[in-house]
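Novice: From the sequence below, what's the structure:
(2 chains)
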2 protein chains.
Amino acid sequence: MALIVQKYGGTSVGSPERIKSVARRVAKYKAQGHQIVVVVSAMSGETNRLVALAKEVQAEPNAREMDVILSTGEQVTIGLLSMALMAEGLKAKSYTGAQVKILTDSAFTKARILSIDEENIRLDLSNDYVLVVAGFQGVDEDGNITTLGRGGSDTTGVAVAAALGADECQIYTDVDGVYTTDPRMVPEARRLKSITFEEMMEMASLGSKVLQIRSVEFAGKYKVKLRVLSSFEEEGEGTLITFEEDNTMEQAIISGIAFNRDEAKITVIGVPDKPGIAYQILGPVSEANIDVDMIIQNVGVGGATDFSFTVHRNEFAKAMDILKNKVQKHIGARDVLGDNKTAKVSVVGIGMRSHVGIASKMFRTLAEEGINIQMISTSEIKISVVIDEKYLELAVRVLHKAFDLDQESA
Amino acid sequence: MALIVQKYGGTSVGSPERIKSVARRVAKYKAQGHQIVVVVSAMSGETNRLVALAKEVQAEPNAREMDVILSTGEQVTIGLLSMALMAEGLKAKSYTGAQVKILTDSAFTKARILSIDEENIRLDLSNDYVLVVAGFQGVDEDGNITTLGRGGSDTTGVAVAAALGADECQIYTDVDGVYTTDPRMVPEARRLKSITFEEMMEMASLGSKVLQIRSVEFAGKYKVKLRVLSSFEEEGEGTLITFEEDNTMEQAIISGIAFNRDEAKITVIGVPDKPGIAYQILGPVSEANIDVDMIIQNVGVGGATDFSFTVHRNEFAKAMDILKNKVQKHIGARDVLGDNKTAKVSVVGIGMRSHVGIASKMFRTLAEEGINIQMISTSEIKISVVIDEKYLELAVRVLHKAFDLDQESA
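Specialist: Prediction:
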């Protein structure tokens, strides 16, 4: 008997029929003697519907009230799935984030989980209930409803698995695992049987969209065994996310090509090259709750340097406003330039640690296609470049081929 | 400066445009210096949509999960209206039933309010917020979400007004007051400037549908000044619900004709005429949470009597099942008969206390139209009859005319 947390995304619970299909799958696991906690998203389309309603009423919807509204999406799903499970003859019970309670900070629309009170869940599990928990949502210490931001249901799944010490956290989605890159862009993309946490984290954060990055961080931190599966296939083992130390198999050099179309680039020109400048630039941005992705600062020349970073395209205007009106004069920078027509492409692979020449191969491949590289950033297991967004598809395709990711032996 | 609780029903908040219109009305009251708490229903159509979804998943939806789902309807409205109020430049904040907290018993889908913790609301009011509270919902002592049943938002409005000691509770609806009968059935129906609590209670319970009965009970119990108004008219004073003792004006003999199409009649035949029988019949019905309306037991003849009562048509099958299978043999009754094609018509008026002949006038009027009376029940201020539902419209029209309710001087 294992304790399994299963998370189903919006497409997997997108209609009464699909909810019943999820209930049948859960019933199958339950019949095998497992204890099951199910975490669900809002039915697909529901979140967008609610956001549209809100925007009709207030051009820039208040964040606290947005969360009150958005959290209803998952609340409907937990009720429906609990009913479907009862229709399958199981004992079932739903929990909202507040009922669990999933305590978060108060950053409405993008809150972070602080703790999970798993006591009631454990009691219900011991009484043979299947529990259905609302993903994506929580409650702050004042009792305000919060949401974790888009994709946050994955995080809820992993966090609940961690709190319960579950044997496995299964993330059901509309893809059947993690691919070498997005198969919609590159038909030759292959499913990986396993991928390390570190690679997965780079893949997710770079926009491969299979899992939300915070959920992977959580899984790594609490050593939760994570598996990505398709909710539309009866069989299939999906992709197992492994800890590097467990994985002594021969590694492919490169696991995949990740990309992110929603990247916007901002450069602060002529920044005095002195201590504390990075904080003075990024502090106000972060206080406005804008997530910063890549950060690049080159060696200064003549006492001044240029400082670049990228943000999500939706927050470009807000970030530019902060820099132009609050930061530029304050730090004595010459100018602030921005471009929201950019995209990021990365090659990711744990194997690149022990292999040289990956970067040069990547740059050469892009150069051969006439694609100009605007920014470069590297970590131990990935190399990312920012390019003009119009070259994104081309770049992903040629890199996928150049690193032999379409070959089974790769 | 007054403290006003305003309650808006589903039609009044049925679209973003209407929500904005409610916000403008609230802003107008706020500009006059009043403190405002707004209680809202789900957007019209939303509750039916959610019920339909649930029934697709489970033929007889589980009551606890039904409440989890249904309560999202009001939750969306409170978020939207708070946003609309902010767009009007007001400080606004939403509260779910659980956040208030509105404590109820655990009778899911038809819970009763036990207490309201108004402390946070009072604090927010003193900080100049307009508060938007979800109607229809609460939370039981174990933290389960409950709903008060259809129309329960009125009850929430009155209960919040009572808890706060509000100066007035304004119920906004799609009619502009209480009429002598349903104007959709009788075009000559007139709006009453005022009506006593007792009359209103009879009118509401008998199906006039302007206010939900429990809200009127609450208002009477806690002496809340209640006013019914139209949310679609800029001006208009609606109908004030008065306490009888405050009302020394000359009273019309009859205030209105109420009716209820959803009445089903059940008769237990050949019941032994001995103490405790009524309880043995109705106890199991009430334990199944079925509301009983009229109850009639005539003088027994030959040691046996017949016992009749009415229930809502939706609960007819359930009630018949209980009586046939649990009660009949147990008490030794001869048979159980039922008819769900009946309707109830009542004449209501505080003035009938001091006027004789109302009953005979009512019965004669119906007899002249050939309408057979199946059951009769009377209280101090109303006379109700159960008739074949096909005569309902005819009965209401002729009674409205017979009691001169179409005359302004009536």
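
Novice: Please make it C-alpha for all contacts and neighbour counts, starting now.
Specialist: Noted.

Novice: And the helices in the stretch 251-400 of chain A?
Specialist: A:277-287, A:316-322, A:328-331, A:358-368, A:392-402 (DSSP state H, counting those that start in this stretch).

Novice: Same question for the stretch 101-250 of chain A.
Specialist: Assigned by DSSP H, counting those that start in this stretch, the helices in the stretch 101-250 of chain A fall at A:119-126, A:152-164, A:197-203, A:213-221.

Novice: what about those, which gets the closest to B:Arg353?
Specialist: Nearest to B:Arg353 among the helices of the stretch 101-250 of chain A is helix A:119-126; the distance by Cα to Cα comes to 56.8 Å.

Novice: contacting residues around that closest one?
Specialist: Here helix A:119-126 makes contact (Cα atoms under 8 Å, 6 or more residues apart in numbering or on different chains) with A:Gln35, A:Ile36, A:Val100, A:Val130, A:Leu131, A:Leu164.

Novice: Quick one: work out the angle between that helix and helix A:152-164.
Specialist: Relative orientation of helix A:119-126 versus helix A:152-164 (axes from the mean of the first three to the mean of the last three Cα atoms, to 10 degrees): 80 degrees.

Novice: which residues touch stretch A:307-327?
Specialist: Outside stretch A:307-327, the residues that touch it by Cα under 8 Å, 6+ apart are A:262-269, A:271, A:278, A:280-281, A:284-285, A:290-298, A:336, A:338, A:340.

Novice: make it 7 Å
Specialist: If you take Cα atoms under 7 Å, 6 or more residues apart in numbering or on different chains as the criterion, stretch A:307-327 is touched by A:262-269, A:281, A:285, A:290-297, A:336, A:340.

Novice: do stretch A:18-35 as well
Specialist: With contact meaning Cα under 7 Å, 6+ apart, stretch A:18-35 is reached by A:1-4, A:12-13, A:36, A:81, A:84-85, A:88, A:125, B:57.

Novice: Please repeat the previous calculation with a cut-off of 6 Å.
Specialist: Residues outside stretch A:18-35 that contact it (Cα atoms under 6 Å, 6 or more residues apart in numbering or on different chains): A:Met1, A:Ala2, A:Leu3, A:Val13, A:Leu81, A:Ala84, A:Leu85.

Novice: Next, format the helices of the stretch 101-250 of chain A as JSON lines and append mean neighbour count and mean pLDDT.
Specialist: As requested, the helices of the stretch 101-250 of chain A are exported to JSON lines (neighbours: other Cα atoms under 10 Å in any protein chain shown; pLDDT from 0 to 100):
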{"stretch": "helix A:119-126", "mean neighbour count": "15", "mean pLDDT": "96"}
{"stretch": "helix A:152-164", "mean neighbour count": "26", "mean pLDDT": "93"}
{"stretch": "helix A:197-203", "mean neighbour count": "24", "mean pLDDT": "79"}
{"stretch": "helix A:213-221", "mean neighbour count": "20", "mean pLDDT": "79"}
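
Novice: any chance of the ones you listed in a markdown table, with distance to A:Ile350 too?
Specialist: Output for these, formatted as a markdown table (distance: least, Cα to Cα, whole Å):
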| stretch | distance to A:Ile350 |
| --- | --- |
| helix A:119-126 | 37 |
| helix A:152-164 | 23 |
| helix A:197-203 | 6 |
| helix A:213-221 | 15 |
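
Novice: Tell me the buried residues in stretch A:258-266?
Specialist: By 16 or more other Cα atoms under 10 Å in any protein chain shown, the buried positions in stretch A:258-266 come out as A:Ala258, A:Phe259, A:Asn260, A:Arg261, A:Asp262, A:Glu263, A:Ala264, A:Lys265, A:Ile266.

Novice: Tell me how far the fifth one lies from B:Lys30.
Specialist: It refers to A:Asp262. Computed with Cα to Cα, to the nearest Å, the distance linking A:Asp262 and B:Lys30 is 43 Å.

Novice: what are the ranges of the strands in the stretch 1-150 of chain A?
Specialist: Secondary structure of the stretch 1-150 of chain A, counting by DSSP state E, counting those that start in this stretch: strands at A:3-8, A:35-40, A:92-95, A:102-104, A:113-116, A:130-134, A:137-139, A:145-147.

Novice: Output those as TSV; include the columns mean pLDDT.
Specialist: Shown next, in TSV, are the strands of the stretch 1-150 of chain A (pLDDT from 0 to 100):
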stretch	mean pLDDT
strand A:3-8	96
strand A:35-40	98
strand A:92-95	98
strand A:102-104	97
strand A:113-116	94
strand A:130-134	98
strand A:137-139	97
strand A:145-147	97
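
Novice: so can I have JSON lines of those strands showing mean neighbour count and distance to B:Val311?
Specialist: Formatted as JSON lines, these follow (neighbours: other Cα atoms under 10 Å in any protein chain shown; distance: least, Cα to Cα, whole Å):
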{"stretch": "strand A:3-8", "mean neighbour count": "24", "distance to B:Val311": "42"}
{"stretch": "strand A:35-40", "mean neighbour count": "26", "distance to B:Val311": "39"}
{"stretch": "strand A:92-95", "mean neighbour count": "24", "distance to B:Val311": "31"}
{"stretch": "strand A:102-104", "mean neighbour count": "25", "distance to B:Val311": "43"}
{"stretch": "strand A:113-116", "mean neighbour count": "17", "distance to B:Val311": "45"}
{"stretch": "strand A:130-134", "mean neighbour count": "29", "distance to B:Val311": "35"}
{"stretch": "strand A:137-139", "mean neighbour count": "31", "distance to B:Val311": "41"}
{"stretch": "strand A:145-147", "mean neighbour count": "31", "distance to B:Val311": "39"}
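
Novice: burial of the residue in the stretch 301-410 of chain A positioned nearest to chain B, as a residue count?
Specialist: Scanning the stretch 301-410 of chain A for proximity to chain B using Cα to the nearest Cα identifies A:Lys318 as nearest, at 20.1 Å. Neighbour count for A:Lys318, taken as other Cα atoms under 10 Å in any protein chain shown: 13.

Novice: swap in A:Leu192?
Specialist: A:Leu192 has 18 neighbouring residues, counting by other Cα under 10 Å.

Novice: Across the sheet, point out what pairs with it.
Specialist: For A:Leu192, the beta-bridge partners are A:Val178 (DSSP bridges).

Novice: quick one on the thing from earlier: of the helices of the stretch 101-250 of chain A, give the one that comes closest to A:Arg397.
Specialist: Nearest to A:Arg397 among the helices of the stretch 101-250 of chain A is helix A:197-203; the distance by Cα to Cα comes to 16.1 Å.

Novice: Identify the residues contacting the closest one?
Specialist: Outside helix A:197-203, the residues within contact range by Cα under 6 Å, 6+ apart are A:Val216, A:Ile241, A:Thr242, A:Phe243, A:Ala258.

Novice: now with 8 Å?
Specialist: Contacts for helix A:197-203 (Cα under 8 Å, 6+ apart): A:213, A:216-217, A:220, A:241-244, A:255-258, A:348-350, A:381-382.

Novice: so how far is A:Thr173 from the residue nearest the centre of chain A?
Specialist: Centroid check for chain A by Cα atoms, centre = their mean gives A:Gln212 as the closest residue, at 1.8 Å. Relative to A:Thr173, A:Gln212 is positioned 12 Å away (Cα to Cα).
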